[in-house]
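J.: the amino acid sequence is not available; the structure is as follows:
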């Protein structure tokens, strides 16, 4: 069993890694030049190149992948020569990157050919001093300086050759002199909880994502705890009554619901219960961050929609498994042993019948999440699915990557749990 | 030598063979019902190629009419005939795929190509993983595990976010999301079939790996693959509907059922039926495929026993 | 004894017919079955597959599924009519008064329940016993069936104990409530011969001790002969003959019973001195049975009356019940085979001919993955299954080497290695002078075509997707042995020589019977005219009448083409009959090898001796020595040191120190006679001094 | 009719042109709305102007909020559905939703009301010189910031400084191109600021109500969410982009309510960020009280719904058909005119907007623009169009139908218009292929496609929009058609400096003629916008650009 669990965990880690690679390359490489999307068609090639450099997009794809996954401060540290740390600005609450120069948090700034050292004060502001030294001579004989700029990049300036860079402002691109030659936009990386900045909201993805993950987990959790016992119960009921009217009713109804797309079910639930009858909230309006806890009825229609679609599927799986088990030789043995029917079902059949569905149910969490996207969109539910959808429409790649990784992680972890549950249910593996 | 074996029987014609095979469908009431529904839609699709009651994209009528004698299913919010649009909507699923940047369509709908794509890719991977085993299996399954870990819709969204909208992208998305499932199925079938003695026989003849995979194993996986493919067409239709509903599916204006639902829901207070029709169309086709597949699976197992 | 006979029978079946409803009608699977079983008696029911013997068993416990029912007749259990009993009443009988044991114990036991729970519930439910008390009783019963470490077994799951132990658990469960009737449906078929022997001993012992009536269903004529007091023979849903075991085996009156007995080789008989006579034709399907005597179309004595009138089961003056119009007129001694089933006449093969295959110290090891963390990470020590260890033999051209051994002994691995499905770990193997230790992909095509294989399972030997013709033609196309245009003709020629007609060319495998499929499999192997054919249990999955035909076919082929064969089987009688040389394998090691006749007479290797004493012989008059092996076969990972058999060897005690040398030293090869070698520490003289295992009782 | 209390002399004191305008109003030469616009433009207080206007004609003010009926009630929460994105510097606002958030905290110097009339707001009044190059802005006294500071000229000077600072990146910088820098902005005293324009522009008051133009506190540091200091009626409690915004009533607001106490009447405002479809459902089910900028389909869904009042407003918003005159075949005026003739405007309006809008000429001047020159709406005439196309085709030696691709976005009503046009233009000899993409996809290339439908937002004056898109210098920026015309440009420049509405209307007549005759656009209708709010909210006004003006809204519980 230990071997099985270890294998599962190793496989899970490899899977996550593969997923992250696939995701990153599909989105960042597949989607083409993001600068066109952001700067528009009128931007000149130089403007685009400059902008791409500022985002670190001129680095090779593998390098960006590593940066994205585990951050690049460690890489930048070697260039800058000081430890790089983040510090929160007490006034704005925003995190910024600083170099720790002998205990003094420091940034640099180039102004009219002069390099200024900015020393951080306790209130978050900084004082500027004319910088002295720190320039190095590179192989080509140019004087260069690596430091942290005011926009959270590790940058390399070149003495006397301030690059012309194009800075994006709300009013458009602005040309600036005194720019650095090379940028490393500092980030901690996904694994260290920093998926980057959302292009859509301009804030760290993690800030928006976390409450949404919570909302989704609540919705999915409630749906799951309603769907699963009910579906298993119905499936078992249908399975032991194979071919009888009860089985037919359950099977046909569940097929009907499964085949009706959730967006249709959702729309009609909204109209009937939310608008015509006005007995349940039509959509998920969060007038406060904890709205679902203050008014749990907000969950009613989304959960009902998910239930309608998912219930049938799991019930059908369970039924099939139950039918198969009820047909098996050991059930025959139990019956021939003269065991009462209820005992045959509860003691002999259910445990075996649940083994197949449980792994499938856990795989089915994928579907549940898929369903969540649609349900969250219909109900305007501020969860992960809706977030992915909005990000995908917007092309907010940092957000999609992080959110998709979260869904994948949820899916893989539930699968792992499913495997473990299977192990516990199945003594063949438990005592292997 | 037994006497009866000397009397040579007339060889059955191809048509008879086909009919014999097809007739197993009629053995099952479930499969018959399912096939009827599916055939109905296929028929509708073919008819719509040549005839629809009205131009599906022309706004010739009053908006949001209920069913009436002129427009049997009513009209939508733009005064287009819903029946015509519903009929036309079958084409893009079942009959033709638009190539990007041109008016050229290739035969075979998006759902069909998507499923064929996942069947081909999945079969290739599944056969290699199942038959060759060892490292092939480890690596292929690991990659498939990664793909399977993506919630379907999320993968669609990611693919579309990366590559943009279009028929081909939807096909690609269906292929990618479907392939792991097919591969797992084919792998398990291959693992089973490869223990059969006729595979040993082929190996002892020194047949190549590809011959064994594609000529010896694959033909015996036909039945389950067919059933699986049919279910997958159902999923694909569902997925196309969902993408259409989310507004990221097949580009307008040609009707696609999910998109019809999405457009109609904005006008749902004026015309509830406009949502119902495409919803019923999706559901019935999916149910039809499910029943067909279920019945067929049952009959195939019975047949093989 | 006489008192028992007077007591009312435990079970009486009268004219029972069982039907299954199918789409558009129903099928009478069983017709007119009547018999009775008394207390303390084992009544055997024997017949080939599909004859309805299990159906009768299921009907007794009224478990015929949703579409089966008893159409006619009555089943009385201790005077109580069982037909129509349902619900609670039926449930109380099942498991309490009537218990059942069937074929595959692994499947009969619930994989996810502890054995103790599965056993004790019989007591708690039927007897209302307390759990503790029930468990104590279960342990007692397990000990009664000689289950080692019984208390511990109670806490285990089915997959944690061996097949033989599983069957003991099932039997113990069945006996817990001391049932009046115990139905056993092929309880030993899935077991190895030595395990089977032990279980059969147990059954006989239990019958005596518990005074239970046992209905014993099997297809194996040898097993029936060993366990039964009375036997009923079933054919195509009818009981055709019934009587005491002696009557049935010594003087069968029904032509079918006679034919059946002519199909099985007697242990000790060989192909030169004896012949097998298959029954022609095949069993009619239940929906297409002849109107007259069901056996009529296959009967050598058939007359007009047989075609029109169905015979009744009637009692002959000697007490035998027979379903034949002319039972009194038939004298089996005067029977001569008809032409279509005439077996080939086989001459003695020359064991001194030039060897076509030479194998020297062949080894095949498989690496196994450990379960420890370090193993998973690939840091652990590598461990191997030693599937074949130091195999050495030669096969002269045109002769047959038989390989016997129980499952897991490495016989299949041996031929897989020879044919190249597995590569060789070490050692030498030369076929026609070419090295064949590499995998098949490294062999020359012309070499491949000379080495072909016939497989065990008729249902999987053919690819269901291709016609018979396509499958036989494939090797011809591949090896280009026949010009393209002539392939069809060549295939048909081959089909004819397999006694299949040209009309089989376009048939699909599912349209063929098991025997026909096996013939096609043989034809496919012969299509490239190989010099050496490896036969992996080619007849073990077939019914005896078909088995005889296939064996005859193989002999005929060998005769015609002078083909060399390796013949694997677990049935010692068949191997003895078919082979010129025999090798006995145990746990990857050849224990004894030599001319067939030498293996079956002393000197024996102790393992061969045990095997021979375990094999069920379809002749109740034969006396067998009673040697039973203890424990179960050890794992092939880290097999026992010294002699691999030392953990179970019943003869080890004959050596000084209780055979300490067997634990420490690898045994020497002892040359008993020319080409007869025994791998044992025990001196030849001692081995020679053993009595023969089998002796004929002088009647 | 009672004599007006405002005499002509008083009018003349405000501005010499006002009595003339009033005469025209009385004679019916200009509409009440145009008078209002004209009078307030010249510095008359809105109250006085509307009073005069009311006397001048019996016409009821369209779209103006209903007068508080009965007793005003105080208290209550107002919830609205609206997308919320990142907010920082109000001067950098680029979307109206953000402005609706900032608007509740900060205020503008002027206010263009729902009736498209601009009046002073934080200003007491303004005065313009005759050449409209010098503008005197007189600030309202007694206004307090919500941090307790007085509102003074320093705040206005700071705010102008932010607008004119290129580092801030405000779109005001481009709009106020007549100011070369802070040297053109003069603080006369604490309540008087004077602007010295480089060239005359009549649109200064409108510009002061451009949505990024909220007045900022003189100590503002760049992020309104962290520093929500304003003069407005509400204070910001919470802002989470993509989630919600919560405001609380301010106690010491400068405006008084009808009941004599300070505004606002409402206690709390909550904006919830949802998409439109969810928002419609939420409004219908009573989960929110209002929906930002309903689409036509939303209008359909909400129309007649119980408990919801829909207030329409005419606008100068449109979905403009535009043709690239530098590309074939649109370089030929006949082809362009054939396309214009292919519009069945009534039908397109019906299909795309359920008839909710005003029919349009093929010129970018709307009836709501004060100087609009009314002309006959052209008929659908496929025969004439076909004649033009045949002539063109014969000349080019090509066959009809003429194959063209119409690109647009799958947004509000563009696909419907495109679809209708495809049908309507077929008899004219056009074969229109549709290329409809998601909005972001279209905005990536909106200036590049040769035939497209682009949405244009509302601007109070025609002279504000025409220079953006139909001049030579705007090529490369917003001139998506590459069309320019010397004659046209000359008239436009003249109109930009013409204060007199009548005179400007004369110029507009020529402008409209030129655009119809040889212009690069076709347009079937001007959209209506709606304000959909729960009926218990009173004093709600529908604004052409969907501004939420909530300081005097009250809830009738």
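T.: Everything's here; your move. The model shown is predicted, which means the values in this text are computed figures rather than measured ones. Residues are numbered from 1 along each chain as shown, chains lettered A, B, ... in the order given.

J.: would you confirm that residue C:239 belongs to a strand?
T.: Yes - with the criterion set as DSSP: H, G, I helix; E, B strand; the rest coil, the secondary structure at residue C:239 is a strand.

J.: isn't it right next to residue C:33, touching?
T.: Yes - here residue C:239 reaches residue C:33: they are 4.9 Å apart, a contact under CB atoms under 8 Å. C-beta coordinates here come from the backbone N, C-alpha and C atoms, glycine included.

J.: any shared contact partners between the two?
T.: Taking CB atoms under 8 Å, 6 or more residues apart in numbering or on different chains as the contact rule, residue C:239 and residue C:33 touch no residue in common.

J.: what does the stretch 1-150 of chain B put close to chain A?
T.: For the stretch 1-150 of chain B, the residues in contact with chain A (CB under 8 Å from any CB of the partner chain) are B:142, B:143, B:145, B:146, B:147, B:148, B:149, B:150.

J.: list only buried entries from these.
T.: A residue is treated as buried here by neighbour count (16 or more other CB atoms under 10 Å in any protein chain shown); on that basis the buried members of the residues of the stretch 1-150 of chain B next to chain A are B:143, B:145, B:146, B:147, B:148, B:149, B:150.

J.: reformat these as JSON lines; add secondary structure and pLDDT.
T.: JSON lines is the format used below for those (DSSP: H, G, I helix; E, B strand; the rest coil; pLDDT from 0 to 100):
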{"residue": "B:143", "secondary structure": "helix", "pLDDT": "86"}
{"residue": "B:145", "secondary structure": "helix", "pLDDT": "82"}
{"residue": "B:146", "secondary structure": "helix", "pLDDT": "82"}
{"residue": "B:147", "secondary structure": "helix", "pLDDT": "82"}
{"residue": "B:148", "secondary structure": "helix", "pLDDT": "81"}
{"residue": "B:149", "secondary structure": "helix", "pLDDT": "79"}
{"residue": "B:150", "secondary structure": "coil", "pLDDT": "80"}
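
J.: which one of these is nearest residue A:309?
T.: Nearest to residue A:309 among those is residue B:150, at 18.8 Å by CB to CB.

J.: the nearest residue to the closest one once chain neighbours are set aside: what's it in contact with?
T.: Once flanking residues are discounted, residue B:150 sits nearest to residue A:408: 5.9 Å by CB to CB, 6 or more residues apart in numbering or on different chains. For residue A:408, the contact set (CB under 8 Å, 6+ apart) comprises A:16, A:19, A:23, B:149, B:150, B:151, B:154.

J.: among the residues you listed, who's most crowded?
T.: The member of the contacts of residue A:408 that has the most neighbours, counting by other CB atoms under 10 Å in any protein chain shown, is residue B:154 with 29 neighbours.

J.: give the other helices and strands that the helix or strand hosting that one contacts.
T.: In this structure, residue B:154 sits in helix B:152-163 according to DSSP states H and E. For helix B:152-163, the elements it packs on are helix A:350-379, helix A:384-394, helix A:397-425, helix B:167-193, helix B:222-246, judged by 3 or more CB pairs under 8 Å, 6 or more residues apart in numbering or on different chains; DSSP states H and E.

J.: tally of neighbours for the residue in the stretch 151-300 of chain C positioned nearest to chain A?
T.: Each residue of the stretch 151-300 of chain C has a distance to chain A, by CB to the nearest CB, and the smallest belongs to residue C:157, at 4.1 Å. Here the neighbour count serves as a burial measure; for residue C:157 (other CB under 10 Å) it reads 19.

J.: what about residue B:165, is that helix, strand or coil?
T.: If you use three-state DSSP, then residue B:165 falls in the coil class.

J.: from chain C, how far off is it?
T.: Look at residue B:165 and chain C: by CB to the nearest CB, to the nearest Å, they are 41 Å apart.

J.: thinking again about what came up before, from the helices and strands packed on helix B:152-163, which stretch is densest packed?
T.: For those, average neighbour numbers computed from mean count of other CB atoms under 10 Å in any protein chain shown are highest in helix A:384-394, which has a mean of 25.

J.: hmm, who's touching that one?
T.: Applying CB under 8 Å, 6+ apart, the set of residues contacting helix A:384-394 from outside is A:198-200, A:208-209, A:212-213, A:215-216, A:369, A:372-377, A:380, A:396-397, A:399-400, A:403-404, A:406-407, B:153-154, B:157-158, B:160-161, B:246-248, D:242, D:438, D:440.

J.: tell me the mean pLDDT over it?
T.: In this model, helix A:384-394 has an average pLDDT of 85.

J.: ditto for stretch C:204-223
T.: Model confidence over stretch C:204-223, given as mean pLDDT, is 88.

J.: what's the answer for stretch C:177-185, then?
T.: When the per-residue pLDDT values of stretch C:177-185 are averaged, the result is 90.

J.: go on, stretch D:230-249?
T.: Predicted confidence along stretch D:230-249 averages 90 (mean pLDDT).

J.: run the contact check for it versus chain A.
T.: Yes - with CB under 8 Å from any CB as the criterion, chain A is reached by stretch D:230-249 at D:240, D:241, D:242, D:243, D:244, D:246.

J.: looking at chain B, which residue is nearest chain D?
T.: Evaluated by CB to the nearest CB, chain B has residue B:266 as its residue closest to chain D, separated by 3.7 Å.

J.: please report how far that residue lies from residue A:181.
T.: As judged by CB to CB, to the nearest Å, residue B:266 and residue A:181 stand 52 Å apart.
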